[in-house]
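*Asks:* what follows is a predicted structure for the sequence shown.
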Amino acid sequence: MMQPDYWLLIILVLSIAMIVAGTSLFKIHPFLVLIAASYFTGLSAGMPVGRISEVISSGFGSLMAGIGLVIVFGTLIGTVLEKSGAAIQLAEWVIRIIGPRYPALAMSIIGYIVSIPVFCDSAFIILTTLKKNLALKTGKSPIVLSIALATGLYATHTFVPPTPGPIAAAGNLGLNDHLGTVIGFGLVVGLTAMLAGYFWSLRQSRQIEQVMHQESESSSTYIGKLPSTFKAILPILIPIVLIAIRSFGSMPFKPFGEGYLYSIFDFVGSPLNALVAGFLFSLLLFPKFDKDTLSGWVGESIVLAAPILLITGAGGSFGAILKETRIGDILGEALAQYELGIFLPFIIAAIFKSAQGSSTVSLVATSALIAPLLPSLGLDSVTGATLAVMATGAGAMTVSHANDSYFWVVTQFSGMDVSTGYKTHTMATLIQGITAMITVCILSIIFI
């Protein structure tokens, strides 16, 4: 039998403290700590003993089914970009456009744009090599650029269709015919969240000096002939374009219809197939096709991806256990009875997000819960419902921590330990969520 609600809150706090202390204080590998925390949470919450191992296994497996091969092929593309010198060419190209003084702003803007059609997890993996080499070329802290990119991606991920979360929330609140309004407000609220993440990343440059353990010296000492910018950008651009087209085609008004053309774009634009296409285009960067490239480069990528896969999967196990306890459902239903106005969807979504890890689930569950409450909240107009979506999105980014796959993608692909991840990435998402909610509150005063 599940324990009382207050005990579930204590368990959540203790499990997070266990992860932070185990990885930072006792230097235990995150994979082991996350699995241990999953068992601790399940047992403490009173889950049936036989059910605990099932949930841990299914949580690991379901996350790997969704993102495992994406991580592998993203790592493959990154390795090819590094080994061929394409990453250096891309970094120099970005510097020519943005200037050497503002690489963090460049990362934030790129993330803000790319994450409109592309899931932030996949986008961060795709752009990691560019970010790393930009740090090498400019001498800026890799942590700063990692957080700038991560928060830029996160800013539009929860606010702007055609990302699935905002589209689902808009649909639940009856806004399928008003997606243009949702996109417009989402771009504004997302912009304030992006700027909050950018300024937070700059603050980290004055506090944290850490070199990524995955930094490759070969990136800074590459002496071969650099490929053209066009060839260098294709492995990154092609997946982004394919995923974007698929997202656009999946919008409620079905721009490509539902026939043969839609099926083609739906197939090539799935994250895995898009990354495979990106890898195929990366073959243009191979100096030769022999054992060193076809086996050596690929083997190095697989070795690099393995610990990331294990840690990310263990994070999925932890998230599945927390979801099984229904802490988010219980607290969300309890809060729904209070008259909190525009702040109600924010608070409920933040609880869902912090409890179970997925921003998309938080957006879907919260919007479904508050849909019948819109009239009593004074949000039953098109603008009111749109701002409810924005408030839900702000809550759905508050906060990204150990039960969120994005937390592990950002920390592991940036070489951060868990403690640094909490100090930088998790705190950044808290600041972004609060900033976005303040923006929503101001907009509600103006437009409602």
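*Replies:* Happy to help now that I have it. Computed from a prediction, not measured in an experiment: that's the story for all the values here.
*Asks:* got the end-to-end distance for stretch 392-410?
*Replies:* Start to finish, the residues bounding stretch 392-410 are 23 Å apart (C-alpha to C-alpha, to the nearest Å).
*Asks:* so where's the stretch 101-250 of the chain uncertain?
*Replies:* When the per-residue scores of the stretch 101-250 of the chain are filtered using pLDDT under 70, the ranges that remain are 205-224.
*Asks:* which residues in it form helices?
*Replies:* Defined through DSSP state H, counting those that start in this stretch, the helices belonging to the stretch 101-250 of the chain, from first to last, are 103-114, 120-138, 142-157, 164-172, 179-205, 217-221, 229-249.
*Asks:* then the stretch 251-400 of the chain?
*Replies:* 260-268, 271-282, 298-325, 327-335, 343-356, 359-370, 374-377, 382-395.
*Asks:* quick one: which of the ones you listed is nearest A106?
*Replies:* helix 271-282 (20.8 Å; C-beta to C-beta). C-beta here means a position set from N, CA and C on the backbone, and glycine is covered the same way.
*Asks:* report the angle between the axes of the closest one and helix 229-249?
*Replies:* Computed by axes from the mean of the first three to the mean of the last three C-alpha atoms, to 10 degrees, the angle separating helix 271-282 from helix 229-249 equals 160 degrees.
*Asks:* residues making contact with helix 271-282?
*Replies:* With C-beta atoms under 8 Å, 6 or more residues apart in numbering as the test, helix 271-282 has contacts from 67, 69-70, 73-74, 76-77, 80-81, 119, 122, 126, 234-236, 238-240, 242-243, 246, 267-268.
*Asks:* what's the answer for stretch 440-448, then?
*Replies:* The list of residues contacting stretch 440-448 from outside it, by C-beta under 8 Å, 6+ apart, reads 185, 188-189, 342-343, 346, 378-379, 381, 383-384, 387, 390-391, 394.
*Asks:* and for stretch 241-261?
*Replies:* Here stretch 241-261 makes contact (C-beta under 8 Å, 6+ apart) with 116-119, 122, 161-163, 167, 171, 176, 179, 262, 265-266, 268-271, 273-274, 277.
*Asks:* 7 Å instead, please
*Replies:* 117-118, 161-162, 176, 179, 262, 265-266, 268-271, 274, 277 (C-beta atoms under 7 Å, 6 or more residues apart in numbering).
*Asks:* longest helix of the chain?
*Replies:* The longest helix of the chain (DSSP state H) is helix 49-83.
*Asks:* buried ones in that one, by neighbour count?
*Replies:* In terms of neighbour count (16 or more other C-beta atoms under 10 Å), helix 49-83 has its buried residues at 52, 55-56, 59-60, 63-64, 67-83.
*Asks:* after that helix, next one along is what?
*Replies:* Under the assignment DSSP states H and E, the closest C-terminal helix or strand after helix 49-83 is helix 86-98.
*Asks:* next, the angle from that next one to helix 120-138.
*Replies:* Orientation of helix 86-98 against helix 120-138 (the same axes, to 10 degrees) gives an angle of 80 degrees.
*Asks:* please point out which parts of helix 86-98 sit buried.
*Replies:* With the criterion 16+ other C-beta under 10 Å, helix 86-98 contains buried residues A86, A87, I88, Q89, L90, A91, E92, V94, I95, I98.
*Asks:* swap in stretch 166-176?
*Replies:* Counting neighbours by 16+ other C-beta under 10 Å, stretch 166-176 gives P166, I167, A168, A169, A170, G171, N172, L173, L175 as buried.
*Asks:* and which of those residues is nearest R203?
*Replies:* Out of the buried residues of stretch 166-176, the one with the shortest distance to R203 is P166. That distance is 28.1 Å, counting by C-beta to C-beta.
*Asks:* my guess is the closest one meets F159, correct?
*Replies:* Yes. Shown here, P166 and F159 form a contact pair, counting by C-beta atoms under 7 Å, at 5.8 Å.
*Asks:* residue contacts, P100?
*Replies:* Taking C-beta under 7 Å, 6+ apart as the criterion, P100 is in contact with T138.
*Asks:* CSV please, covering the buried residues of helix 86-98 and showing distance to S414 and pLDDT.
*Replies:* Below are the buried residues of helix 86-98 laid out as CSV (distance: C-beta to C-beta, whole Å; pLDDT from 0 to 100):
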residue, distance to S414, pLDDT
A86, 20, 90
A87, 15, 86
I88, 19, 85
Q89, 22, 88
L90, 18, 89
A91, 16, 86
E92, 21, 86
V94, 18, 85
I95, 20, 85
I98, 20, 81
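*Asks:* most widely separated two among those residues?
*Replies:* Within those, two members stand farthest from each other by C-beta to C-beta: A86 and I98, at 18.4 Å.
*Asks:* mind listing what's buried in stretch 127-146?
*Replies:* Of the residues in stretch 127-146, 127-138, 140-146 count as buried by neighbour count, 16+ other C-beta under 10 Å.
*Asks:* then that stretch to CSV, C-alphas only?
*Replies:* Only the C-alpha atoms of stretch 127-146 are listed here, as CSV (Å, rounded to 0.1, in the frame of the first residue of the first chain):
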residue,chain,number,x,y,z
LEU,A,127,24.8,20.5,-31.5
THR,A,128,27.3,19.3,-28.9
THR,A,129,30.3,19.1,-31.1
LEU,A,130,29.7,22.6,-32.5
LYS,A,131,29.4,23.9,-28.9
LYS,A,132,32.6,22.1,-27.8
ASN,A,133,34.7,23.4,-30.6
LEU,A,134,33.3,26.9,-30.2
ALA,A,135,34.6,26.8,-26.6
LEU,A,136,38.0,25.8,-27.9
LYS,A,137,38.1,28.5,-30.6
THR,A,138,37.0,31.3,-28.3
GLY,A,139,38.5,30.3,-25.0
LYS,A,140,35.1,30.6,-23.3
SER,A,141,34.1,28.2,-20.5
PRO,A,142,32.6,25.0,-21.9
ILE,A,143,30.2,25.0,-19.0
VAL,A,144,28.9,28.4,-19.9
LEU,A,145,28.3,27.4,-23.6
SER,A,146,26.7,24.1,-22.4
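*Asks:* find the nearest non-adjacent residue to L187, please.
*Replies:* The spatial neighbour of L187 that comes closest, neighbours along the chain excluded (C-beta to C-beta, 6 or more residues apart in numbering), is V160 at 6.0 Å.
*Asks:* dihedrals phi and psi, that neighbour?
*Replies:* Backbone torsions for V160, taken as degrees, to the nearest 10, come to phi -110, psi 110.
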